[in-house]
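Q: sequence and predicted structure, then a few things I'm wondering about:
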Amino acid sequence: MSAVDKRLIDILAVVSSARYEDIAKLSGICKLCGELRHVAVVCFERGRYGEIFEYCLAYDLTGCPVQRSRIQPTMETLGEARAQAAKLRNPPAKFGGWICMSTVPAFYKSPPPSLKTLLNRSLEDSPAAQGRTAIVEGLVYVQDGYGPVSIPLLGEIDPNGEAIVINGHGAEQPLLHQAVRTLNRYIGAVGYAPSPENPHFTLDVYDPTAETFVPRSLRPVFPLRLALPLQSVPVIKRSVVTLTSFAHAYATGQRAFAVPMCSMKFDFIDASWTWPVGSRAQRQVMQASWRVRNLGAPLGTCAVRPLLHEPGAIVVPAVPEDLRMLGRGRKERDLDSDMDSDAAGVDTDGDDEAEADLDF
């Protein structure tokens, strides 16, 4: 769960002039994969509170710089937000951390009702967490010649705690729909026609039993019902993609990403992760602090963190040994003290794309 002070989110949502729809319309393009768009993230560091950056969901494999978005709140609204934050007491404002903009309904001009309902559900509706919203890592093949992109999917644990149901070919999957170019309805792409007959705008899901992707015409991807505890992650592709190396190994839990999940991705949504358990390949996440730095021309102001194997980057299992049979992950138990540093700007790495052999 995000460590961002929710009072700071509320202030920014009220006074900021920048809205998600406008930013998604101008989403930057991954420098290696043309079908992948960057997602908008909001900084909550004290000196950069309210500024918006663009984050590539395949950050570790693409090297896309996390630059400032072309659309920013006005200086006046940022000043007002920071003035209000300075007045917070009992306790004072706790700066630090990042939030994925598309997962906060208050950052929209017109908040999608389904997303608002999903994200406003309590995380503690019952001792067993039934009825709460959770995140599942989805592996999505977006372009031929590249490995899958790790994209967080939002779902709800059913009342019996037996499955997580992932709904929505739209608002309830905001990262999927900003990151995949042909699903981003705000871009206004020429020929955009979200038709079931148009493979450029449809998705297929992998069936491990049949050992193949099932066309949307036979089985729509959503709603996707996954039995708990998870044994593997859902594997999805754009219908036009034909090269899907290792899809079966991913879908059966025999293969995990070679690089840990980036701390930004791991921690920028205000919900808990649900991870596969009992699979041969165990997912890893990175703990590393993000900071905003001026890198000079031509990059300018960017968010940066230590790279894998550099000082300040720590890799840990997504599911600690003592919780693997329960299906609970690190964020679900608050990551103990090692993750509390996220409140000071540390974001657990949610980087994907371990298909280094495909040169992504």
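A: In hand now; what should we look at? Numbering: from 1, shown residues only.
Q: low-confidence ranges in the chain?
A: For the chain, applying pLDDT under 70 flags the ranges 1-2, 120-131, 169-171, 188-200, 321-360.
Q: helices of that one, start to end?
A: 6-15, 20-25, 59-62, 75-86, 113-120, 174-179, 247-251, 263-267, 336-340 (DSSP state H).
Q: which of these sits closest to residue 69?
A: helix 20-25 (5.5 Å; Cβ to Cβ). For the C-beta atoms, the positions are set from N, CA and C on the backbone; glycine is no exception.
Q: quick one: the residue lying closest to residue 226 once chain neighbours are set aside and residue 224, what's the gap?
A: Sequence neighbours aside, residue 164 is the residue nearest to residue 226 in space, at 5.2 Å (criterion: Cβ to Cβ, 6 or more residues apart in numbering). Residue 164 sits 9 Å away from residue 224, going by Cβ to Cβ, to the nearest Å.
Q: quickly list what's touching both of the two.
A: Common neighbours of residue 164 and residue 224, using Cβ atoms under 8 Å, 6 or more residues apart in numbering, are residue 155.
Q: export only the CA atoms of stretch 111-119, formatted as CSV.
A: The C-alpha trace of stretch 111-119 is given here as CSV (Å, rounded to 0.1, in the frame of the first residue of the first chain):
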residue,chain,number,x,y,z
PRO,A,111,-14.1,10.3,-12.2
PRO,A,112,-15.2,6.9,-13.6
PRO,A,113,-17.8,5.6,-11.2
SER,A,114,-16.6,2.0,-11.4
LEU,A,115,-13.0,3.0,-10.6
LYS,A,116,-14.1,5.2,-7.7
THR,A,117,-16.2,2.3,-6.2
LEU,A,118,-13.3,-0.2,-6.6
LEU,A,119,-10.6,2.0,-5.1
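Q: give me the distance from it to the chain's centre.
A: In this view, stretch 111-119 has its centroid 16 Å away from the chain centroid, taken as Cα atoms, centre = their mean, to the nearest Å.
Q: flag every buried residue along that stretch.
A: 111-112, 115, 118-119 (16 or more other Cβ atoms under 10 Å).
Q: which of residue 164 and residue 224 has more neighbours?
A: residue 164 (25 against 21; other Cβ atoms under 10 Å).
Q: which strand residues bridge that one?
A: With DSSP bridges as the criterion, residue 164 is bridged to residue 157, residue 226.
Q: what residues are up against it?
A: Contacts for residue 164 (Cβ under 8 Å, 6+ apart) come out as 134, 136, 155-158, 225-226, 228, 230, 274.
Q: need the max-distance pair from the residues you listed.
A: Among the contacts of residue 164, 156 and 230 lie farthest apart (Cβ to Cβ), at 14.3 Å.
Q: how close does residue 218 sit to residue 212?
A: Residue 218 is 11 Å from residue 212, by Cβ to Cβ.
Q: okay, the two: which has more neighbours?
A: residue 212 (13 against 8).
Q: count of residues packed around the residue nearest to residue 241 when sequence neighbours are not counted?
A: In this structure, residue 241 finds its nearest non-sequential neighbour in residue 141, 4.7 Å apart by Cβ to Cβ, 6+ apart. Residue 141: 26 surrounding residues under other Cβ under 10 Å.
Q: what's across from residue 141 in the sheet?
A: In beta-bridge terms (that is, DSSP bridges), residue 141 pairs with residue 237.
Q: of the contacts of residue 164, buried ones?
A: Counted by 16+ other Cβ under 10 Å, the contacts of residue 164 give 134, 136, 155-157, 226, 228, 230, 274 as buried.
Q: can I get these in JSON lines with distance to residue 205?
A: Formatted as JSON lines, the buried ones among the contacts of residue 164 follow (distance: Cβ to Cβ, whole Å):
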{"residue": "134", "distance to residue 205": "19"}
{"residue": "136", "distance to residue 205": "13"}
{"residue": "155", "distance to residue 205": "14"}
{"residue": "156", "distance to residue 205": "18"}
{"residue": "157", "distance to residue 205": "20"}
{"residue": "226", "distance to residue 205": "11"}
{"residue": "228", "distance to residue 205": "18"}
{"residue": "230", "distance to residue 205": "15"}
{"residue": "274", "distance to residue 205": "18"}
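Q: no more questions from me, cheers.
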